[in-house]
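A.B. asks: have a look at this prediction, sequence included:
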Amino acid sequence: MSAKVFTRQDVESHNTTGDLWVVIDSKVYDLTKFKDMHPGGVGVLLHPDVAGQDATEAFYGLHKQEVLDRPQYKRLVIGTIKDEVSLIASPGPGEVSLVPYAEPTWLTPGYHSPYFKETHRKYQKAIRQFVDDVITPDAALNGARGKRPSAEVTEKMAELNLFAMALGPGKHLKGLKLLNGLVTPEEFDPFHELIASQELVRCGDRGYGDGIMGGLIIGLPPVMNFGSEELKQKVLPEIFSGKKFICLAISEAHAGSDVFGLQTYAKKTEDGKHWIINGTKKWITGGTYADYFSTGCKTDDGFTVILIPRVEGVETKPIKTSYSPSAGTAYVTFENVKVPVENTLGPEGGGIFVILSNFNHERWVMCCSSARSQRYIIERCLKWINQRKAFGKTLANQPVVRAKIAAMISRAEAIQAWLENITYQMCNMSYKRQASLLAGQIALLKAYSTRSAQQTAQDAVQIFGGRGITQSGMGAEIEHYYRTVTFDSLLGGSEDVLADLGTRQAIKAMPKNSKL
Ligand code: HEM
């Protein structure tokens, strides 16, 4: 940037079409050449309140700060205003936001938490830096183009062992160097996992985020928990190193939450050594890239989960959904696919247990990301209502707008507090105990999170108005959120089914001696 210093009087005379300057946040911009390329048109820049004037308020009513951070626009700065300093800056990579409620309390300066220790704070810092530096730029590029996350990002994630950590604490971390040794496998607990889930959603592209590891989070646990030693030794390192991809293939056009209605059939060969699988699967996250499919099949004994590699007879084609094809959402067909019986995950006929056993973890991960996404929207809404004027006042002056913000904040804080409580229970309970004591809590929290998320999305669109339904400019993130928010309410068990499950679990646990 040029070091030239001007007075406001100096700037005022540059107010014509052939010589056009403005002041934004105490910086002087020469818009003479740029004006004809300005996406908002020339006229608005030549308005007497703008040309040669301080246009800070006008600018922030119509643009994000991110516009001025772009290199092509940074070049328009020719100097600063004498005795003034610029105040507005985007947080740098890795930094926390100081906007109220933009961060969970434990990350907000001045607040305390009984759960998060120094190890978690170090971990959060490193992951945020990584997401800001490596993942977010790739999400902006490949998410928008509908491409899968780049190989470079996958490699870097594998180097840090982020794929292995996505499965939570456990034996699979033994001997691995986590985040360049920042955390030991013994230290790693569900709070570290919560942090990684919440930081990753900040990349801003929902479909891309699911493409990065949505398939792994749900597809790999059946192998890890129910595969033979041999299978695990082959598959786990391939997936953790980012060389191969896996997905969970359960839902079909015929049935989703109702897993007993599935039609994909696995029949044993006469010698009993192989399965022959026929059928279709739909809405399979990560399916278009997957090398392995943890697949729910009907078998003569009932319902069985089988690991199907991408071999002859397996076809995938992308399904266009409301979010980015980066997620790899697929329609999968299996035609006479031959797989060794050693690829059976768990007992034959016992597939329902294999699937159910991972549901709690999957739903808990979704609660983590839903809570964080709601905060991301709150941050944007708070910024917008402070910089946007209507009827001569900022939107923050409208009680009806403030009431919407109050509801958004209350929901997000309640979800995070419940989530942290459940996470603490996970740190102190065996997996089996979690299955009995936390299934209902997690189901209810997920149903509450996703219902809240939809309300927050709706409120945010009302607050942003037309920008909330526009895929570029100030409301782009709101539009994206509103368009994709319902994914969480369907994936991993639909909202109504889960709310009911939570209540049924409570009814089942009622003590026999308890009467009004
Ligand atoms: C350094 C100065 C400026 C730059 C680099 C700039 C750049 C842009 C860009 C990139 C857009 C497209 C929308 C977006 O990405 O947000 C835009 C839209 C617009 N700009 Fe500017 N602009 C500048 C100054 C101004 C000023 C001073 C005004 C004064 C009123 C203005 C009025 C508008 C309007 C009305 C739109 C259309 C907004 C919409 O579609 O919602 N711009 N500008």
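C.D. replies: Structure received.
A.B. asks: and the protein, which residues reach the ligand?
C.D. replies: For the chain, the residues in contact with the ligand (C-beta under 6 Å from any ligand atom) are 22, 24, 29, 31, 38-40, 44-45, 50, 55, 58-59, 62-64, 67, 73, 76, 472-473. C-beta coordinates here come from the backbone N, C-alpha and C atoms, glycine included.
A.B. asks: where in the stretch 351-500 of the chain is pLDDT low?
C.D. replies: Counting by pLDDT under 70, not a single residue of the stretch 351-500 of the chain qualifies.
A.B. asks: and the helices in it?
C.D. replies: Using DSSP state H, counting those that start in this stretch, the helices of the stretch 351-500 of the chain run over residues 351-387, 399-427, 431-437, 439-464, 476-484, 486-490, 495-508.
A.B. asks: narrow the residues of the chain next to the ligand to those in strands?
C.D. replies: Secondary structure defined by DSSP state E assigns 22, 24, 29 of the residues of the chain next to the ligand to strands.
A.B. asks: out of those, which end up buried?
C.D. replies: Taking 16 or more other C-beta atoms under 10 Å as the criterion, what is buried in these is 22, 24, 29.
A.B. asks: same list, those, but as TSV with pLDDT please.
C.D. replies: Putting these into TSV (pLDDT from 0 to 100) gives the following:
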residue	pLDDT
22	98
24	98
29	98
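A.B. asks: okay, the residue of the stretch 1-150 of the chain found nearest the ligand: pLDDT?
C.D. replies: At 2.4 Å from the ligand, residue 40 is the closest residue in the stretch 1-150 of the chain, using C-beta to the nearest ligand atom. We have a pLDDT of 96 for residue 40.
A.B. asks: now it, nearest residue through space, not along the chain?
C.D. replies: residue 62 (6.8 Å; C-beta to C-beta, 6 or more residues apart in numbering).
A.B. asks: now do residue 444
C.D. replies: residue 502 (3.4 Å).
A.B. asks: how much space between that neighbour and residue 193?
C.D. replies: Using C-beta to C-beta, to the nearest Å, we find residue 502 at a distance of 22 Å from residue 193.
A.B. asks: same check, this time on residue 308
C.D. replies: 28 Å.
A.B. asks: got the contact list for stretch 305-316?
C.D. replies: 222-223, 226-227, 231, 235, 249, 266, 275, 277, 284, 287-288, 290-297, 330-339, 343-346, 351, 354-355 (C-beta atoms under 8 Å, 6 or more residues apart in numbering).
A.B. asks: from the centroid of the chain, which residue is nearest?
C.D. replies: For the chain, the residue nearest the mean C-alpha position is residue 201 (2.9 Å; C-alpha atoms, centre = their mean).
A.B. asks: just want the residue of the stretch 201-350 of the chain that's nearest the ligand.
C.D. replies: For the stretch 201-350 of the chain, C-beta to the nearest ligand atom, closest residue to the ligand: residue 204, 15.1 Å.
A.B. asks: residues in contact with the nearest residue to residue 365 once chain neighbours are set aside?
C.D. replies: Closest residue in space to residue 365, ignoring its immediate chain neighbours: residue 197 at 5.3 Å, by C-beta to C-beta, 6+ apart. For residue 197, the contact set (C-beta under 8 Å, 6+ apart) comprises 365, 368, 369, 372.
A.B. asks: how about these, which pair is most distant?
C.D. replies: Within the contacts of residue 197, 365 and 372 form the most distant pair, 11.2 Å apart (C-beta to C-beta).
A.B. asks: just the element for residue 298, please.
C.D. replies: Using DSSP states H and E, residue 298 sits in strand 292-299.
A.B. asks: residue 249 is in contact with residue 283, isn't it?
C.D. replies: No: the pair residue 249 and residue 283 does not pass the contact test of C-beta atoms under 8 Å, sitting 9.7 Å apart.
A.B. asks: looking at the stretch 251-400 of the chain, which residue is nearest the ligand?
C.D. replies: residue 388 (11.0 Å).
A.B. asks: wait, that residue sits on residue 401?
C.D. replies: No: Residue 388 lies out of contact with residue 401 (C-beta under 8 Å); the separation is 9.8 Å.
A.B. asks: shared neighbours, those two?
C.D. replies: Common neighbours of residue 388 and residue 401 (C-beta under 8 Å, 6+ apart) are residue 395.
A.B. asks: identify, from the ones in strands among the residues of the chain next to the ligand, the entry nearest to residue 435.
C.D. replies: Residue 435 lies nearest to residue 24 out of these, by C-beta to C-beta, at 56.4 Å.
A.B. asks: which residues does that closest one bridge with?
C.D. replies: residue 27 (DSSP bridges).
A.B. asks: same check on residue 302?
C.D. replies: Residues in beta-bridge contact with residue 302 (DSSP bridges): residue 299.
A.B. asks: which residue ranges make up the domains of the protein?
C.D. replies: The chain breaks down into these domains under automatic domain parsing: 5-81, 246-349, 352-508.
A.B. asks: and of those, who's closest to residue 124?
C.D. replies: The nearest among the domains of the chain, by C-beta to C-beta, is domain 352-508 at 11.8 Å.
A.B. asks: distance from the chain centre to that closest one, please.
C.D. replies: Computed by C-alpha atoms, centre = their mean, to the nearest Å, the chain-centroid distance of domain 352-508 equals 11 Å.
A.B. asks: once you drop chain neighbours, what's closest to the residue of the stretch 351-500 of the chain found nearest the ligand?
C.D. replies: Nearest residue of the stretch 351-500 of the chain to the ligand: residue 473, at 4.0 Å (C-beta to the nearest ligand atom). In this structure, residue 473 finds its nearest non-sequential neighbour in residue 467, 6.1 Å apart by C-beta to C-beta, 6+ apart.
A.B. asks: the residue nearest to the centre of the chain contacts residue 207, doesn't it?
C.D. replies: No: taking C-beta under 8 Å as the definition, residue 201 is not a contact partner of residue 207, at 12.0 Å.
A.B. asks: one step back: show me the contacts for the residue of the stretch 251-400 of the chain closest to the ligand.
C.D. replies: Neighbouring residues of residue 388 by C-beta under 8 Å, 6+ apart: 61, 394, 395.
A.B. asks: what number of residues are in the vicinity of the second one?
C.D. replies: Residues within reach of residue 394, counting by other C-beta atoms under 10 Å, total 17.
A.B. asks: list the beta-bridge partners for it.
C.D. replies: Residues in beta-bridge contact with residue 394 (DSSP bridges): residue 389.
A.B. asks: now it: how far from residue 382?
C.D. replies: 11 Å.
A.B. asks: residue 183 is in contact with residue 160, correct?
C.D. replies: No: counting by C-beta under 8 Å, residue 160 sits too far from residue 183 to count as a contact (10.5 Å).
A.B. asks: would you map the strands across the stretch 51-200 of the chain?
C.D. replies: Assigned by DSSP state E, counting those that start in this stretch, the stretch 51-200 of the chain shows strands spanning 77-81.
A.B. asks: run the chain-centre distance for stretch 295-307.
C.D. replies: Centre-to-centre, stretch 295-307 and its host chain are 31 Å apart (C-alpha atoms, centre = their mean).
A.B. asks: then stretch 172-184?
C.D. replies: 23 Å.
A.B. asks: what about that stretch, start to end distance?
C.D. replies: End-to-end distance for stretch 172-184, by C-alpha to C-alpha, to the nearest Å: 13 Å.
A.B. asks: now what about that stretch, what contacts it?
C.D. replies: Identification of contacts with stretch 172-184 by C-beta under 8 Å, 6+ apart yields 119, 122-123, 126-127, 160-162, 164-165, 185, 188, 192, 224, 236, 240.
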